[in-house]
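Asker: Just to be clear, the model below is a prediction. Sequence and coordinates:
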Amino acid sequence: MATPAEGGGLAFDPMKQFEVKPLFGGDVINWYTPTNVTLWLFLAILAVTALMVLTTSKRAMVPTRGQSMAELAYGFVYKMVEDVTGKDGIKYFPYIMTLFLFILMANFLGLIPMSFTTTSHIAVTAVMGFGVFIAVTILGFVKNGASFLSLFWVSSAPLALRPILAIIELISYFVRPVSHSIRLAGNMMAGHAVLKVFAGFAQVAAIAPIAIFGVIAIYGLEVLVSAIQAYVFTILTCVYLKDALHPHH
Amino acid sequence: MATEATDVVEKAGPGMPQLDFSTFPNQIFWLVLTLIAIYLILSRVALPRIGAVLAERQGTITNDIAKAEELKQQAVEAEEAYNRALAEARAEAQRIAAEARAEIQADLDAAIAKADAEIAAKAAESEKAIADIRAGALESVRDVAKDTAAEIVAALGGKADAKTVAAAVDARVKG
């Protein structure tokens, strides 16, 4: 079964790595069952704690290597929030930092061989994507009242075009959470599936060197993608937040 | 071959595990718990701590720069004071030198004047002595000439009248 058959029946399934399984045996997955998702989410918490809390425990004036990484992450996201949303967006910085660090750590943890990538699941990314969408929409109405709707009324366009643009803007607004969450899950899933496919081909002696080289190359790419997708998710969140705080074009 | 393929499909369940909606409540529950945990860790512990460290460092750097600026100012002031002292000392030295020079010059002038006066006095005295000697010599020459003339006249057999000879010699000497 495990030996590669001549007819192309390689015994591997690139999607098997994404299966949700109960951690302590059994088949039933209730909403409270500890699963491999639970384990890797917990490890993400540990990773965030290790980066942001343990390294800074000394509060050194001259930072150690770990502390400078924590400060770098802090400064990076803080500056992003400040640049994109302006001064009044700073109070939402902890929420955005939470999203950024969680996605970053979950993406990187997923790159450990045999691990489970929580951010490759649409259920996970959709919660975050729609969470951001709903929070930002409510915030927009609370902050601006009905004038939040001027986000869809492009006052700089000719009057005749405005209704059409309003429809387009409205559609694009409601597509945001979908694209926001599917972008992340899709990137993660595709990369890991491709890795698995190359790893599967490595079972065949003839193409093993190429396949292994492919695994290395794709792995390098995936490291990049992991960081970039965390960045993209975060900066889009900032952009949506900016729209809620300053809806006027 | 075909059975193997169906085996795999059966094991994997309906296609992508991502679209297996039965696991959604579970994932969402644990995710929300995770996000809340990370948010609490960050907002209660990590972010205030890092923010404080960064602010403290910024403060220290600003303080140090201010202190350095102050020290630099002090150094500039010290240099100015030093230069001023140096200039004063130099002026004082010049003044003292000029005074000494003037004093010496005055002494010198007085000494020269005194010497000049002495020299002039001595010169006058000497001149007078010379004049005396010269007058004495003239008189002697006249006496010698009178005596000689009287002797010569006597030798020549004449009778020398002292009065006439003296008058003749006086006329000759004057002439």
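Answerer: Nice, thanks for sending it over. These numbers were taken from a predicted model, which means no experiment stands behind them. Residues are numbered from 1 along each chain as shown, chains lettered A, B, ... in the order given.
Asker: CA only for contacts and neighbour counts going forward, please
Answerer: OK.
Asker: The lengthiest helix in chain B packs against which elements?
Answerer: Ranked by residue count under DSSP state H, the longest helix found in chain B is helix B:47-155. Counting contacts by 3 or more Cα pairs under 8 Å, 6 or more residues apart in numbering or on different chains; DSSP states H and E, helix B:47-155 packs against helix A:65-85, helix B:162-174.
Asker: if you set the cut-off to 7 Å instead, what comes out?
Answerer: helix B:162-174 (3 or more Cα pairs under 7 Å, 6 or more residues apart in numbering or on different chains; DSSP states H and E).
Asker: Helix B:47-155 and the helix it packs on, what's the angle between them?
Answerer: 140 degrees (axes from the mean of the first three to the mean of the last three Cα atoms, to 10 degrees).
Asker: So which bits of helix B:162-174 are buried?
Answerer: B:V165, B:A166, B:V169 (16 or more other Cα atoms under 10 Å in any protein chain shown).
Asker: between those residues, which is nearest chain A?
Answerer: B:V169 (130.2 Å; Cα to the nearest Cα).
Asker: nearest spatial neighbour of the closest one, skipping sequence neighbours?
Answerer: B:K146 (6.2 Å; Cα to Cα, 6 or more residues apart in numbering or on different chains).
Asker: Same question for A:G140.
Answerer: A:A244 (4.1 Å).
Asker: re the thing from before, next, the angle helix A:65-85 makes with the longest helix of chain B.
Answerer: 100 degrees.
Asker: hang on, A:G25 is in a strand, isn't it?
Answerer: No: judged by DSSP: H, G, I helix; E, B strand; the rest coil, A:G25 forms no part of a strand; its state is coil.
Asker: what about the chain, any weak spots by pLDDT?
Answerer: Using chain A here. Scanning chain A with the threshold set as pLDDT under 70 gives A:1-11, A:249.
Asker: wrong chain, I was asking about chain B
Answerer: B:1-14, B:160, B:175.
Asker: In it, what residue comes closest to chain A?
Answerer: Residue of chain B nearest chain A, by Cα to the nearest Cα: B:N26 (3.7 Å).
Asker: Near that residue, how many other residues are there?
Answerer: Neighbourhood size, B:N26 [other Cα atoms under 10 Å in any protein chain shown]: 21.
Asker: nearest to A:V223, of the buried residues of helix B:162-174?
Answerer: B:V169 (150.6 Å; Cα to Cα).
Asker: mind checking the SS state of the residue in chain A positioned nearest to chain B?
Answerer: Nearest residue of chain A to chain B, counting by Cα to the nearest Cα: A:W31, 3.7 Å away. Taken by three-state DSSP, the conformation at A:W31 corresponds to coil.
Asker: Could you tell me which residues of chain A lie near chain B?
Answerer: A:9, A:15-16, A:18-20, A:29-33, A:37-38, A:41-42, A:45, A:52-53, A:59, A:61, A:71, A:94-95, A:98, A:121-124, A:127 (Cα under 7 Å from any Cα of the partner chain).
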